[in-house]
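Enquirer: With the input below, show me the fold.
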Amino acid sequence: MVSVSLMITSDDLRQIPLLASLDEPTLADTARRVQRCSFRPGQHIMLEGEPAPGLFMVLRGRVRLSRTAPDGREQVLAMVGPGEHFNPVPLFDGGPNPTTARAMSPVVCLLLPRADLLALIRRHPDLALAALSAMAGQLRELVTLVEDLAFRSVRARLARLLLVEAASGAAELTHQELAERAGTVREIAGRALRRLAEEGLVRLERGRVLVLDPAGLARVVEE
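Expert: Presented below is the predicted three-dimensional model:
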């Protein structure tokens, strides 16, 4: 991790949905406590099981959150992009990092250390409400992930993932990344993607998947 000593302003923090509704005194107090950090592509930001450094808020780039089984298999839980945050749970329960976070591109984050976050919450209760609301949203996403893994086929899981990632028309993910997020292996994901392509629902390109028929993919999700 490289710390960059550039001044953080309230306007910078207001671009982050978690903090957008807070008043100026709360934002100013928070701006004095956050640190700007940068990471190279492939660099680990934090490791599962280690002490939690604080709350991360992404300004630029994409971060992959995952857990690893004892046999080495990895389940990707989320991809976090600009404006999003990660690792709030251990800041409140005092436990270790629940996931490993790795930079998938050049990443710039703001880091709010645990002690500073708790001090801010004591002084500004609205920050606690914002954090609870954000954590509730993340819990709903995890419930959806559990539902996908338990009840949907690989084909349906990939279709739902493509719909989420391709809001602008293309999912900028490799077949390996899609497989990891769908909870399967690359070979099985590749076969499912080729079938979707043969049906005219998507077009496969190097490093990305172009969605051609969102309505058709939505029907696959419900199969």
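
Enquirer: buried set for the helix ranked longest in the chain?
Expert: The residue-count maximum for a helix in the chain (DSSP state H) belongs to helix 125-151. For helix 125-151, a neighbour-count test (16 or more other Cβ atoms under 10 Å) marks Leu127, Ala130, Ala131, Ala134, Gln138, Leu145, Asp148 as buried. Using the backbone N, CA and C atoms, a C-beta is placed for each residue, glycine as well.

Enquirer: which strands and helices sit next to it?
Expert: Contact analysis of helix 125-151 by 3 or more Cβ pairs under 8 Å, 6 or more residues apart in numbering; DSSP states H and E lists helix 24-31, strand 74-80, helix 114-123, helix 154-165 as its packing neighbours.

Enquirer: And the second one, what does it pack against?
Expert: Here strand 74-80 touches strand 63-68, helix 125-151, helix 175-182, going by 3+ Cβ pairs under 8 Å, 6+ apart.

Enquirer: go on, the longest one?
Expert: When contacts are defined as 3+ Cβ pairs under 8 Å, 6+ apart, helix 154-165 packs onto helix 125-151, strand 170-171, helix 175-182, helix 186-198, strand 208-211, helix 214-221.

Enquirer: what is the rounded mean pLDDT of that helix?
Expert: If you average the pLDDT over helix 154-165, you get 86.

Enquirer: ok, and what's touching that helix?
Expert: With contacts defined as Cβ atoms under 8 Å, 6 or more residues apart in numbering, helix 154-165 is touched by 79, 148-149, 152, 171-173, 178, 181-184, 188-189, 192-193, 195-196, 201-202, 209, 211, 214, 217-218, 220-223.

Enquirer: The closest residue to Glu205 other than its chain neighbours: neighbour count?
Expert: Spatial nearest neighbour of Glu205, chain neighbours left out: Ala170 (7.8 Å); criterion: Cβ to Cβ, 6 or more residues apart in numbering. Using other Cβ atoms under 10 Å, Ala170 has 17 other residues around it.

Enquirer: Next SSE downstream of the helix or strand of the chain with the lowest mean pLDDT?
Expert: None of the helices or strands of the chain scores lower by mean pLDDT, DSSP states H and E than strand 2-4, at a mean of 50. Downstream of strand 2-4, the next assigned helix or strand under DSSP states H and E is helix 10-14.

Enquirer: How far away from the center of its chain is that next one?
Expert: 21 Å (Cα atoms, centre = their mean, to the nearest Å).

Enquirer: Ok, stretch 103-122 next?
Expert: That offset, for stretch 103-122, works out to 14 Å (Cα atoms, centre = their mean).

Enquirer: Averaged pLDDT, it. What do you get?
Expert: The average pLDDT within stretch 103-122 is 93.

Enquirer: so the residue nearest the centre of the chain bridges to which residues?
Expert: Nearest to the mean C-alpha position of the chain, counting by Cα atoms, centre = their mean, stands Val80 at 2.5 Å. Assessed by DSSP bridges, Val80 has beta-bridge partners Val63.

Enquirer: for the one 5 residues further on, same thing?
Expert: Counting by DSSP bridges, His85 forms beta bridges with Met57.

Enquirer: I'd guessed it sits against Leu59; true?
Expert: No: using Cβ atoms under 8 Å as the test, His85 is too far from Leu59 to be in contact (10.7 Å).
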